[in-house]
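>>> Sequence first, predicted model second:
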Amino acid sequence: MEQEMTVVDLAALAAAGGSVAIFARETADLDLNLVRFAPGSGVGEHVNREVDVAVIVLDGEGVLTVDGEEHPLRAGRATIIPKGVRRAIQATGDVHLVYVTVHRRRRRLWPSTPDRQA
């Protein structure tokens, strides 16, 4: 079965508001997510042991912390976060931090308890 191509206006989706994962699309091979965090919020420290993740910043400013080392984020920057590292992202500017993540499709996320190992 052939998959239909999709073109999405990420800027319009980001401008419409919302927070955290505001758009997601998956294919048989890839996951793409549009993420939006208010200033001062973000993703807490965690380890993803399954896939490398590409992060492309569209708007705002933030800090990506990888294994304790801080990396500034701003519109136009991109990085690939390797699987197996401790990572966190925090919006630090005066406007929302908006970014896209792309990675190989992985199994779905499940709720976890604080003492569960990733």
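Looks like it came in fine. None of the values given here were measured: they were computed from a predicted structure.
>>> When you work out contacts or count neighbours from here on, use the C-alpha atoms and nothing else.
Will do.
>>> Quickly note the distance from the residue positioned nearest the centre of the chain to L32.
Among the residues of the chain, the one closest to the centroid is T101, at 4.3 Å (CA atoms, centre = their mean). Here T101 is placed at a distance of 6 Å from L32 (CA to CA, to the nearest Å).
>>> cool, and R87?
As judged by CA to CA, R87 and L32 stand 19 Å apart.
>>> out of those two, which sits in the busier spot?
It is R87, of R87 and L32, that has more neighbours when counted by other CA atoms under 10 Å, with 21 against 18.
>>> give me the beta-bridge partners of the more buried one?
H46, V66 (DSSP bridges).
>>> Also the one 4 residues further on?
On the basis of DSSP bridges, A91 takes part in beta bridges with G62.
>>> Give me the neighbour count for it.
24.
>>> isn't it right next to G62, touching?
Yes. If you go by CA atoms under 8 Å, A91 and G62 touch, sitting 4.2 Å apart.
>>> Start and end of stretch 88-101, how far apart?
Where stretch 88-101 starts and where it finishes are 14 Å apart, if you go by CA to CA.
>>> So what touches stretch 12-29?
31-38, 42, 98, 104-105 (CA atoms under 8 Å, 6 or more residues apart in numbering).
>>> and it, what's its mean pLDDT?
The pLDDT scores in stretch 12-29 average 84.
>>> Likewise for stretch 45-53?
On average, stretch 45-53 scores 92.
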